[in-house]
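S.K.: Predicted model, plus sequence, below.
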Amino acid sequence: MGRAVKTVVVIPAYNAAQTLPAVIERIPTEILDSLISLIIVNDGSRDGTAEVAEDLAGQIDCARVIHVKNNCGYGATMKLGLSKAVAAKADKVVCLHADGQYAPEMLPKLLIELSVRKLDILQGSRIASGTALSGGMPLYKYVAGRALTFMENRVFGLGLSDYHSGYMLYGRKALEQIPFERLSDSFDFDLQMIASARARGLAVGELPIPTRYAGEVSYLNPVRYGFSVLRVMFNYLKGDYS
């Protein structure tokens, strides 16, 4: 009998007191019970996220909370969570956002897909599911995302449909080979992980996921993010992620 697969879920949380409990509640029981760690990174929240996260951690054996005193950015919180996962010798790590936009119910299927397809990175795709617009994605985000994705596929040669989803799963090889601690502290962190994986010949794929926009507060500046995406592509072509 082979050893049990060690899985960690990292939840970056910023001002998510109202949504975090429901996200964790929606994680399928079989997944929650099998985790070696559920890491909530409270990124300097100004609401009651700290208290809510600690209360949840008190109810779940594998949960722990990392508190960042001052808001440091999405990428920075992910690096903290991934570092803890690597230290725990995790085989698989899931990034699950605290605002409820990405369906925790998809975790069993995503984790199986990561293994069956022998992928190093798996990204949930809202576009591949065909639910982007019907699920409430703003039209300007859809159009801009499609334009950027066309360019990204030309640069990275992956043929993905949605490079800008935050539903990310990582295998051990990706976390061992990608120097993620040197990557962005901001929202372009996920794309830099894909660029770094592609530069190392790691296997990257996607799986359709449902789209859900329900009035969540977004802290992403779309113009700044768009320029960041272009910069990642330019730097990839320069060989910066090798």
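M.R.: It's in.
S.K.: Could I get the full set of helices for this protein?
M.R.: 20-25, 29-34, 49-59, 74-87, 107-116, 139-156, 172-177, 189-199, 222-238 (DSSP state H).
S.K.: Just name the most buried of those helices.
M.R.: Comparing the helices of the chain by mean neighbour count (mean count of other CB atoms under 10 Å), helix 189-199 comes out on top with a mean of 23. From N, CA and C alone the C-beta is placed, and that goes for glycine too.
S.K.: so what does that helix touch, helix or strand wise?
M.R.: If you count contacts as 3 or more CB pairs under 8 Å, 6 or more residues apart in numbering; DSSP states H and E, helix 189-199 packs onto helix 74-87, strand 121-125, helix 139-156, strand 168-171, strand 204-208, helix 222-238.
S.K.: count of residues packed around residue 3?
M.R.: 6 (other CB atoms under 10 Å).
S.K.: which residues does it contact?
M.R.: For residue 3, the contact set (CB atoms under 8 Å, 6 or more residues apart in numbering) is empty.
S.K.: any idea how far residue 241 is from residue 21?
M.R.: Going from residue 21 to residue 241 by CB to CB, to the nearest Å gives 37 Å.
S.K.: Reformat the helices and strands packed on helix 189-199 as TSV; add mean pLDDT.
M.R.: What follows is those, written out as TSV (pLDDT from 0 to 100):
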stretch	mean pLDDT
helix 74-87	97
strand 121-125	97
helix 139-156	93
strand 168-171	98
strand 204-208	97
helix 222-238	95
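S.K.: could you dump these to TSV with distance to residue 195?
M.R.: Output for the helices and strands packed on helix 189-199, formatted as TSV (distance: least, CB to CB, whole Å):
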stretch	distance to residue 195
helix 74-87	13
strand 121-125	11
helix 139-156	7
strand 168-171	13
strand 204-208	10
helix 222-238	5
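S.K.: what about these, which gets the closest to residue 185?
M.R.: Nearest to residue 185, of all the helices and strands packed on helix 189-199, is helix 74-87, at 4.0 Å by CB to CB.
S.K.: quick one, which of the helices of the chain is nearest to residue 213?
M.R.: helix 139-156 (9.0 Å).
S.K.: what separates the closest one from the chain centre, distance-wise?
M.R.: Counting by CA atoms, centre = their mean, to the nearest Å, helix 139-156 is centred 18 Å from the centre of its parent chain.
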